[in-house]
Structure formats: structure tokens, C-alpha cells
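J.: kindly generate the corresponding structure for this input.
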Amino acid sequence: MKTRMLMSPRFADASAPTLPLWLIRPSEHGPALPEDLGESGRAWAKAQGFSGNPGQICLIPTPDGNIAGALYGIGPARAPSDRPARERYQLARAAEGLPSRNWRLANRPEGFDAALGALGWLFAQYRFARYKKAEPPAARLVCPEGVDQARILAMVQGEFLARDLINTPASDMGPADLEQAARELADRHSARITVTTGDELIAGNFPMIHAVGRAAAQAPRLLDLRFPGTGPRLTLVGKGVCFDTGGLDIKPSASMALMKKDMGGAANVLGL
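T.: Model (predicted):
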């Protein structure tokens, strides 16, 4: 199978018409609504009970009933050391909940990381559509000014690839399929790939990889990718158990569902 990403992340065209998206934090005295929202816009937000809580959306109408913009709650500011990892998904709810328009960030509250916000917006576009058509959210964000668009897209593309590999069931993602994904990745980035398969693992002094996978219908293998470039040498190692019965089933059913993550190590290395 072709292991290219089933979906690709997209920013909005910066030259196309856009609507403003104001990011709002709550406070003891109510949300600090922007002056450029206008008196009628602030009154509308108050009437809608908008408070600036995380994920809250308030569409601002024009006098003729169209959309003038939107408010989006991002919650209270936190110290850098106290910010949870989930803040990288801060704008994901906006991507899912806003109407099908092109949006631009109209402000940047203190402590808000625009690059992380853009990352979360694009993460929300992911859908696994190999077996059933699935449309991503239609709301698009213009890449915020000062954010490295190419870097963010590369990070999200890697995430999408890892998710596609993990979400593909074992019947369609065995060792040979994972090898094919690695080869395609190597071709795209001019990397060198070496594959040690089956009994070659014994000769190459990799007995444990051989022992874990030798009973499968597809031979086990070690994938070694080496990317060109200069700088410090970094080695990433990821376990890719494509199918695992779990042995003696002593786990509760909810934990058995997580056995799929056993191949996530290799998928994440390929994504990186």
C-alpha cells in the first residue's frame, strides 16, 4: 500500500478574505473585550454570556446578519512552568467549532504562544480516512505573523504520518507495510535505508528482535534510516510491534485496547 498521508494539513490563503478571531481570557471583572469589537459587539457578547473560558466561541454578527468575526476563550494566563502540555491544542476547538471561513488572529494576549496555537489548529484537521470518507474542519487559519509556516507544517505532517501508521489495523500494517512506509520516507528526504530481515537478524546479532517476531506470517525486520545533514548525531529508536496478542490476557479490556500503542514507537520515529 502507499503509506503517504491520507490528509495534509492546510493554512488559509493569506491573500483571501478573512474574518478576525479575538482570543479572550476571563477575569474577575468579566472578559476583557477588544475596543475594535465596537459597542454593539461587546453588548452582543455580554448578552450571549461569553466569559472567555477555554474553548468558548461567540460569533459576532453584522447588522445584516452575516458574520463580522468571533471571540474565542483561551482561559486564564499561566506561568510558563505551570502550562500543561495540552496547551498545544488550545486552538483545536476553534478549528472544529468555527464556521467554514478563513480566519486570522486579531490579537495575541500576553502569554499566548501563536506557534503552539497554529499547531493545535492544524492538529484538529486530522481525520483517518483510509476506509471511510471523513472531512476535516472547514475553518482555516491564516498562519500568524512571525510564525515559521514551513516548520509548523512539517511538524504536523509528521504527526499525521504517525497517526496514519498507528490507526491502520494490523491486517494492513504488518512489518512489510511498515518497511514500505520507511522506504517512501527515505526516498522523499534522500535518506539511506538498510533493512535486516528474518534470519539475517541472527547473523547481525539482533536475536531478540528475531525471537519476538519469528512466529508471524511476515518476517521480523530492523529498519535503519540515516538522514543526510550536518550537526550533532542523534539516534532515535522506536519499537514497532505491528501485531501483539498480549500473551496471557490478564489485562482489563480497556488496557487491551492500548496494546495498539506497541507499534507507536516506530510510527513516532518515522513521524519525527
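
J.: quick check: buried residues in the helix or strand encompassing residue 38?
T.: Secondary-structure assignment from DSSP states H and E places residue 38 in helix 38-47. Using 16 or more other CB atoms under 10 Å as the test for burial, helix 38-47 gives 41, 42, 44, 45. C-beta: built from backbone N, CA, C; applies to glycine.

J.: distance between stretch 17-34 and the chain's centre?
T.: 25 Å (CA atoms, centre = their mean, to the nearest Å).

J.: pull the residues that contact it.
T.: 12, 37, 41-42, 45-46, 50-53, 67-77, 94, 98, 101-109, 112, 117, 141-142 (CB atoms under 8 Å, 6 or more residues apart in numbering).

J.: give me the subset of these that lies in helices.
T.: 41, 42, 45, 46, 94, 117 (DSSP state H).

J.: can I get stretch 136-151 in PDB? Just the C-alpha atoms.
T.: The C-alpha coordinates for stretch 136-151 follow below in PDB (Å, rounded to 0.1, in the frame of the first residue of the first chain):
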ATOM      1  CA  PRO A 136     -11.700  17.800   8.100                       C
ATOM      2  CA  PRO A 137     -13.000  21.000   9.700                       C
ATOM      3  CA  ALA A 138     -13.600  23.600   7.000                       C
ATOM      4  CA  ALA A 139     -12.500  26.600   9.100                       C
ATOM      5  CA  ARG A 140      -8.900  27.700   8.100                       C
ATOM      6  CA  LEU A 141      -6.400  29.800   9.900                       C
ATOM      7  CA  VAL A 142      -4.000  32.200   8.300                       C
ATOM      8  CA  CYS A 143      -0.600  31.400   9.600                       C
ATOM      9  CA  PRO A 144       0.100  34.000  12.300                       C
ATOM     10  CA  GLU A 145       2.700  36.700  11.500                       C
ATOM     11  CA  GLY A 146       6.100  35.800  12.800                       C
ATOM     12  CA  VAL A 147       5.400  32.000  12.900                       C
ATOM     13  CA  ASP A 148       7.500  29.800  10.800                       C
ATOM     14  CA  GLN A 149       4.900  28.300   8.500                       C
ATOM     15  CA  ALA A 150       7.200  25.700   6.900                       C
ATOM     16  CA  ARG A 151       8.300  24.400  10.300                       C
END
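
J.: three-state assignment of residue 235?
T.: At residue 235, secondary structure determined by DSSP: H, G, I helix; E, B strand; the rest coil is coil.

J.: do the same with residue 88
T.: Assignment for residue 88 (three-state DSSP): helix.

J.: distance check, it against residue 219.
T.: 38 Å (CB to CB, to the nearest Å).

J.: what of residue 108?
T.: Distance from residue 108 to residue 219, by CB to CB: 53 Å.

J.: what pairs with the helix or strand harbouring residue 194, parallel or antiparallel?
T.: Per DSSP H and E, residue 194 falls inside strand 192-197. Strand 192-197 has its sheet partners listed here by DSSP bridges as strand 221-226 (antiparallel).

J.: between the two ends of stretch 95-111, how far is it?
T.: One end of stretch 95-111 sits 20 Å from the other (CA to CA, to the nearest Å).

J.: buried residues, that stretch. List them.
T.: Within stretch 95-111, the residues scored as buried using 16+ other CB under 10 Å are 95, 97, 98, 101, 102, 103, 104, 105, 106.

J.: hmm, residue 119 is touching residue 95, no?
T.: No. Contact between residue 119 and residue 95 fails when scored by CB atoms under 8 Å: they sit 11.1 Å apart.

J.: quick revisit: could you dump the ones in helices among the contacts of stretch 17-34 into JSON lines and include pLDDT?
T.: Converted to JSON lines, these look like this (pLDDT from 0 to 100):
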{"residue": "41", "pLDDT": "92"}
{"residue": "42", "pLDDT": "92"}
{"residue": "45", "pLDDT": "94"}
{"residue": "46", "pLDDT": "94"}
{"residue": "94", "pLDDT": "96"}
{"residue": "117", "pLDDT": "95"}
